[in-house]
Structures are given as structure tokens and as C-alpha cells.
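Enquirer: sharing a model prediction with you, sequence too.
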Amino acid sequence: MSDDLTAASLRVRRALVEAFASYVRARLGERDIEPSEAEHANLRVLVPDVDHHWEAAQERGLRIVTPIGDHDYGLRDFTVADPDGFGVRFGTWLHDL
């Protein structure tokens, strides 16, 4: 994947996460969000290579909520917490691996 495509992809993902966080903040009000609330609000981002994103998350020191794994609902995925404590789940369908 080219650096330009990767940078554009990250900008799109960041915009999605920010939009989701804004929506949840509007629903919850402008109060502090506890880390435990990440379990109740998360955004799933389907990617072609979840293992690549897993490695990138670890290299960047992101807070891991749920480590990578294969699940009976058909995804290989993991969840990190964004700066506001919301979960961002990256996954790839198992049949696409």
C-alpha cells in the first residue's frame, strides 16, 4: 500500500472516529467519559488486513481493550480505546483471510 493511500485511509478513519465520538458525546452530554464506557460504545472498522493494523496499534502504543483474535461471529478483530475512551474495533472477515 502506498504512503499516500495509507495516509488518506488514516484520515478517513480518524474522521469516522471523531464523528462517532461527537455523536456519542452529544447523546451523553458534555460529561467526562469513564474508560468502562468503551464497552458500551464502539465503532467497527473493517479492513483488508487486520494483522497489519494490530501491529501498527502495538507499535504506536495504543491502549488495547480487546486483543486480536478469531471469533465465532466470523471476524478476526481487536479493539483499542480512542483518547475519549470509546472503543474502535478493527476487523477482517475470516472468510477474507
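Expert: Structure's in. What do you need? Residues are numbered from 1 along each chain as shown.

Enquirer: tell me if I'm right that residue 65 and residue 82 touch.
Expert: No. Judged on Cβ atoms under 8 Å, residue 65 makes no contact with residue 82 at a distance of 10.0 Å. Just so you know, the C-beta spots here come from the backbone N, C-alpha and C atoms, and that holds for glycine as well.

Enquirer: all helices for this protein, in order.
Expert: Taking DSSP state H as the criterion, the chain carries its helices at 3-28, 50-59.

Enquirer: list the helices and strands the last one packs on?
Expert: Applying 3 or more Cβ pairs under 8 Å, 6 or more residues apart in numbering; DSSP states H and E, one finds that helix 50-59 contacts strand 64-70, strand 75-81, strand 87-93.

Enquirer: to residue 17, which of these lies closest?
Expert: When the helices and strands packed on helix 50-59 are compared for distance to residue 17 using Cβ to Cβ, the nearest one is strand 87-93, at 5.7 Å.
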